[in-house]
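Novice: Give me a 3D structure for the following:
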Amino acid sequence: MLTPRGLPFARRSRLVRGMTLVELLVAMIVGMLVVLATVAALTVTRRGFTAVDAASQLRDNGRFAAELIQRVSIQAGYRDVSFASGTRKTPPSTDPPPDVSGFNNAALDASNPLTAWSSRNSSVAGYGSDVLILRYQASQLRSQSADLTSDKSMIDCAGNPVLSVPDPASPDARDTRMVSIFHVDVRQDEPTLMCTYQNVSGGFTTVPLIQGVEQFQLLYGVDGVTPGTAPASGASAPDVAKAYLRADELVVAGDAAGTNANWRRVRSIRVGLVLRGAAGSSQTVETQTFYPFGASQSSATAAKGSAFASAADTNSTFSAPADGRLRQSLTFTIHLRNDQGLGYAP
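Specialist: Reported below is the predicted structural model:
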């Protein structure tokens, strides 16, 4: 048997020749197509993973926000048994602030958290969001004793337990309450749900809760309230909510006592949130419309979301830009458990 070395030169050249230029180009093109297909599949898979991860994070954030806001809101109006079991013998020197109050389309004033300014720039994320102020007392660990330690069942909006109850010996103890405030501010270039709470020294501390809360909308379920008007003298105690109003509709111009009386007739709080993920978390880039208070219609032929959204309530119908962010809306209603202070008004 002859080896290739023993073959004639022409025969050996035919056996050892390489690929032609055409064959090489075809192989390169096929290889490039395989690589492109692999990269495209990897990109789609990664985008899908990012969207699923962002959706999961939005659900977790929404669940946490709902649980925390509901937990703190149902505390509103709570008074320790040492105060709740007795009636006021003399009216207070000043009208105590209501247990539930707030501001519409407002940013918190850090110098005085119990007031707000409404000149938030419309180009800033979170524009249109509201402020919710809640007041309540702690529950005494040993009822009717000299020990003012609380049972730590009441928390502030940051999750910290309220450590002590007001001293009944103090003349203003009945109206001494802790304060928790929910509001939206921008942190690290992201709209963030914030908590401002009253600390043990009486000052206020602000901490971030949830990043990516683009809208925090509030309506208050009331009974016996006409927008901008104080309740009639001798009006019956509120029952279930008959209407949902904005914070500014509970204000009676030039009448602080009438405003407080309206707030004391709040029986429920409707909360609407729009949460957003990181840039590029959505698989599509398109404008979207969200209804923070839900898509319910005021009638069968009315526009979507018209049951609670209003042109007078900034971003109660929220048009999100086409920025490639995944978004989710969340709506829930909190029914208040406690008397909101009708029996404590002067």
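Novice: Give me the distance from stretch 269-287 to the chain's centre.
Specialist: Centroid displacement of stretch 269-287 relative to its chain, using CA atoms, centre = their mean, to the nearest Å, is 12 Å.
Novice: tell me which helix or strand of this structure sits lowest on mean pLDDT?
Specialist: Here the helix or strand of the chain ranked lowest by mean pLDDT, DSSP states H and E is helix 9-16, holding a mean of 56.
Novice: right, and the helix or strand after that one?
Specialist: helix 21-73 (DSSP states H and E).
Novice: What distance do you get for the residue nearest to residue 317 when sequence neighbours are not counted to residue 227?
Specialist: Distances taken as CB to CB, 6 or more residues apart in numbering place residue 309 nearest to residue 317, at 4.6 Å, with adjacent residues excluded. In this view, the C-beta of every residue, glycine as well, is placed from N, C-alpha and C. Distance, residue 309 to residue 227, by CB to CB, to the nearest Å: 17 Å.
Novice: neighbour-wise, which of those two wins?
Specialist: Neighbours of residue 309 and residue 227, each counted by other CB atoms under 10 Å, are more numerous for residue 309; the result is 24 against 14.
Novice: Next up, the contacts around that one.
Specialist: Residues in contact with residue 309 (CB atoms under 8 Å, 6 or more residues apart in numbering) are 291, 292, 293, 316, 317.
Novice: Residue 22 now?
Specialist: No contacts exist for residue 22 under CB under 8 Å, 6+ apart.
Novice: Quick check, pLDDT for it.
Specialist: For residue 22, the pLDDT comes out at 81.
Novice: Same question for the one 10 residues further on.
Specialist: At residue 32, the pLDDT value in this model is 89.
Novice: neighbours around it, how many?
Specialist: Using other CB under 10 Å, residue 32 has 10 other residues around it.
Novice: What I need now is the contacts of residue 309 written out in a markdown table, including distance to residue 113, pLDDT and secondary structure for each item.
Specialist: Formatted as a markdown table, those follow (distance: CB to CB, whole Å; pLDDT from 0 to 100; DSSP: H, G, I helix; E, B strand; the rest coil):
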| residue | distance to residue 113 | pLDDT | secondary structure |
| --- | --- | --- | --- |
| 291 | 30 | 96 | coil |
| 292 | 24 | 96 | coil |
| 293 | 26 | 96 | coil |
| 316 | 24 | 94 | coil |
| 317 | 29 | 95 | coil |
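Novice: CSV for those, including neighbour count and distance to residue 108?
Specialist: Putting those into CSV (neighbours: other CB atoms under 10 Å; distance: CB to CB, whole Å) gives the following:
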residue, neighbour count, distance to residue 108
291, 22, 25
292, 28, 19
293, 23, 22
316, 25, 20
317, 21, 24
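Novice: could you dump those residues to CSV with distance to residue 35?
Specialist: Converted to CSV, the contacts of residue 309 look like this (distance: CB to CB, whole Å):
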residue, distance to residue 35
291, 45
292, 46
293, 50
316, 50
317, 47
